[in-house]
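Visitor: Okay, structure incoming, though there's no sequence with it:
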């Protein structure tokens with residue numbers, strides 16, 4: 001990304017919002033949810049730390065539908081967010097996936113908007129469809145070490161020339177992608193010519209080859225055909241300047257076949273009313289799908305002014321015209337009518353899907369029309385010749401019969417990317433799926449403008465701010481113990497095994513004058529919420545840490561905030577400090593401690609306060625780490641040895657204090673420390 005691009009995108013902001021306002025005259029949804037265009041909205045906690053899938057518009061959403069379903073199935077414990085640019089894609093996402101996904105508009109590609117998006121959403125991986133890349137977005141993903149995968153990627157010769165021409169402006173965007181799954185070899189070669197390393201790209205086919213027509217949809221289409229009992233033509237995804245030609249061609253068809261019905265489906269919803277006016281001006285009788293009326297024998301045009309029904313129209317029609325091809329729009333994907341076994345007529349302008357149309361043409365699976373006269377002629381030929389229709393649809397189906405499998409191949413690419421994350425995104429098996437917890441199960445509460453609470457709705461049926469008060473639990477007679485240190489942490493009887501309430505206090509000299517206030521920062525980055533999220537990720541990675549249950553952010557009067565966290569108690573566990581006060585640890589216990597610390601380090605987990613108080617042993621001698629305040633992920637480096645040195649200092653310090661107090665502390669450096677280091681350095685299978 002260049003300085004020129006950052007400046008240009010910022011200067012373009014007023015023009016972009018003017019454009020949205022103008023489009024909103026015909027499509028009011030463009031004037032809604034503007035805060036999302038700059039990532040100024042609140043994003044719920046249960047959408048954080050998941051997978052972001054970006055489908056710019058309806059076409060990409062339809063193509064990716066099966067893949068999205070597979071991602072939801074493979075990673076049920078992770079939130080999935082769908083982003084788009086258009087209201088129609090937003091509506092389709094809602095109707096297709098409901099509350100199984102969170103939807104948002106991808107913000108305008110300014111540095112500030114993308115910084116806010118990644119701070120609020122914190123995606124672990126980004127899946128982009130086709131060619132939707134943005135420089136600021138990719139730079140922010142790189143800074144956050146978020147892998148970005150381009151799926152179902154296509155690159156036309158025209159687009160390649162444009163990207164080369166403007167490379168001085170957008171910078172090396174393609175090189176920042178983690179992986180590209182290209183639709184075909186020509187697209188793959190063009191990506192390589194744009195600078196993508198050959199080992200980061202593979203040809204996986206087109207997701208739309210995997211389009212499947214459900215039995216319910218086929219049944220609905222069959223019923224429609226029986227009800228209509230007349231020849232049906234479809235003009236799908238038409239554009240401005242094309243509808244007039246379609247209507248002229250259809251009037252010529254009516255002169256020969258008066259019973260014919262045209263289903264006309266404009267590409268963009270904001271044009272529905274204008275197209276309805278064109279139909280009336282052409283003196284053709286009209287029924288609108290949105291009105292819920294069924295065409296009768298006198299109806300000549302059925303306007304498909306609804307969303308998400310294009311496959312139904314294809315399955316209902318005897319012949320389909322694929323729009324965007326009589327004008328220089330470049331055409332639309334013909335794989336949907338191929339899936340419904342509908343004969344295809346197209347205009348000559350199909351450069352967006354040239355490879356597919358070339359194959360269709362070679363197989364004699366498409367008819368061509370350059371104007372309204374030729375379109376009418378092709379429609380009439382096909383309506384009058386059932387054998388020709390059957391021959392065309394069979395030829396098209398045979399040509400692409402071996403091209404399925406793109407969904408499975410791209411899903412494997414996603415698995416591979418996730419597997420190499422640190423820590424990896426795991427797919428739960430049937431036996432351990434219930435052990436997984438993630439932000440997907442977290443509910444956000446805002447009792448007031450000063451409070452925000454996150455709690456695990458799989459643990460609490462209801463939740464109250466009082467749960468963060470030790471006095472409340474004392475009144476309920478639920479306090480069953482306390483741990484003291486810099487501050488008191490309370491053990492609370494709440495189900496099995498109970499929970500621990502901890503308030504965050506300041507340490508050092510600052511703590512002498514400021515007991516528990518912290519400088520204001522984004523809520524998601526505040527002490528309790530940050531530790532809560534980190535614990536979720538560590539548990540998902542299979543690391544032994546307590547389960548987080550709830551966290552609270554409370555804005556303090558005048559300055560700063562206070563924080564609290566509730567975590568699940570580790571059953572029958574004692575910290576190493578307390579155990580050493582009673583007995584020495586044996587060889588296996590020291591070895592296990594070293595091995596567990598190594599597991600955390602290999603996952604890139606930095607523990608800011610690794611000491612003998614924060615390492616615990618349960619009744620089965622399983623090792624746990626606790627207290628992850630101010631901890632996080634880091635690249636491998638000197639901090640790993642510094643962590644070990646910090647632990648050694650804490651053991652030496654406690655041994656010295658015990659000696660001065662004349663109490664037991666069963667620790668000998670020359671005997672015990674080498675055992676821990678042996679466990680740390682051992683291979684996992686030893």
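Guide: Sure thing, it's come through. Quick caveat, the model's predicted, so the values are computed rather than measured. Numbers count the residues shown, from 1 in each chain.
Visitor: and the helix or strand harbouring residue 624, average pLDDT?
Guide: Taking DSSP states H and E as the criterion, residue 624 maps to strand 623-625. Strand 623-625 shows a mean pLDDT of 97.
Visitor: in it, what counts as buried?
Guide: Within strand 623-625, the residues scored as buried using 16 or more other Cβ atoms under 10 Å are 623, 624, 625. Placement of C-beta: from N, CA and C, glycine included.
Visitor: which helices and strands does that strand pack with?
Guide: The contact analysis (3 or more Cβ pairs under 8 Å, 6 or more residues apart in numbering; DSSP states H and E) places strand 623-625 against helix 587-602, strand 615-617.
Visitor: Neighbouring strands - and their directions - for the next helix or strand after it?
Guide: Next in sequence after strand 623-625, counting helices and strands by DSSP H and E, comes strand 632-633. According to DSSP bridges, the neighbouring strands of strand 632-633, each with its direction, are strand 605-606 (antiparallel).
Visitor: hmm, back to that, could you dump the helices and strands packed on strand 623-625 into JSON lines with mean pLDDT, mean neighbour count and distance to residue 13 added?
Guide: Shown next, in JSON lines, are these (pLDDT from 0 to 100; neighbours: other Cβ atoms under 10 Å; distance: least, Cβ to Cβ, whole Å):
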{"stretch": "helix 587-602", "mean pLDDT": "96", "mean neighbour count": "19", "distance to residue 13": "44"}
{"stretch": "strand 615-617", "mean pLDDT": "97", "mean neighbour count": "22", "distance to residue 13": "51"}
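Visitor: Same list, these, but as a markdown table with distance to residue 152 please.
Guide: As requested, the helices and strands packed on strand 623-625 are exported to a markdown table (distance: least, Cβ to Cβ, whole Å):
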| stretch | distance to residue 152 |
| --- | --- |
| helix 587-602 | 34 |
| strand 615-617 | 47 |
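Visitor: hang on, the earlier thing: just put the buried residues of strand 623-625 in CSV and tack on distance to residue 250.
Guide: Converted to CSV, the buried residues of strand 623-625 look like this (distance: Cβ to Cβ, whole Å):
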residue, distance to residue 250
623, 75
624, 72
625, 71
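Visitor: from those, which is closest to residue 243?
Guide: Nearest to residue 243 among those, counting by Cβ to Cβ, is residue 625 at 65.2 Å.
Visitor: before we move on, back to that, contacts made by the strand holding residue 624 with the rest, please.
Guide: Contact with strand 623-625 is made by 543-546, 570, 573, 589, 592-593, 595-597, 600, 607, 610, 614-618, as judged by Cβ atoms under 8 Å, 6 or more residues apart in numbering.
Visitor: Next: stretch 511-525.
Guide: 45, 48, 119-120, 122, 452, 486, 503-506, 526-527, 529-530, 533, 553, 555-556, 559-563.
Visitor: Go again with 6 Å.
Guide: Counting contacts by Cβ atoms under 6 Å, 6 or more residues apart in numbering, the residues outside stretch 511-525 that touch it are 119, 452, 505, 506, 553, 556, 560, 561, 562.
Visitor: Got a ChimeraX select line for the buried ones in those residues?
Guide: Selecting only the buried entries of the contacts of stretch 511-525 in ChimeraX, with 16+ other Cβ under 10 Å as the criterion:
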select :119,452,505,506,553,561,562
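Visitor: In helices, which of the contacts of stretch 511-525 fall?
Guide: Secondary structure from DSSP state H places residue 119 of the contacts of stretch 511-525 in helices.
Visitor: least confident pick among the contacts of stretch 511-525?
Guide: Within the contacts of stretch 511-525, lowest confidence goes to residue 506 (88).
Visitor: tell me the contacts of it?
Guide: Contact criterion Cβ under 6 Å, 6+ apart gives residue 514 as the residues in contact with residue 506.
Visitor: what would the contacts of stretch 511-525 look like in CSV with distance to residue 152?
Guide: Formatted as CSV, the entries for those read as follows, by distance: Cβ to Cβ, whole Å:
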residue, distance to residue 152
119, 28
452, 38
505, 51
506, 51
553, 40
556, 49
560, 48
561, 44
562, 48
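Visitor: which one of the contacts of stretch 511-525 is nearest residue 382?
Guide: The shortest approach to residue 382 among the contacts of stretch 511-525 belongs to residue 119, at 55.3 Å (Cβ to Cβ).
Visitor: Mind listing what's buried along the helix or strand residue 414 falls within?
Guide: Taking DSSP H and E as the definition, one finds residue 414 inside helix 406-419. With burial defined by 16+ other Cβ under 10 Å, the residues of helix 406-419 counted as buried are 406, 407, 409, 410, 411, 413, 414, 415, 417, 418.
Visitor: and if you look at stretch 651-671?
Guide: Counting neighbours by 16+ other Cβ under 10 Å, the buried set in stretch 651-671 is 651, 654, 655, 658, 665, 667.
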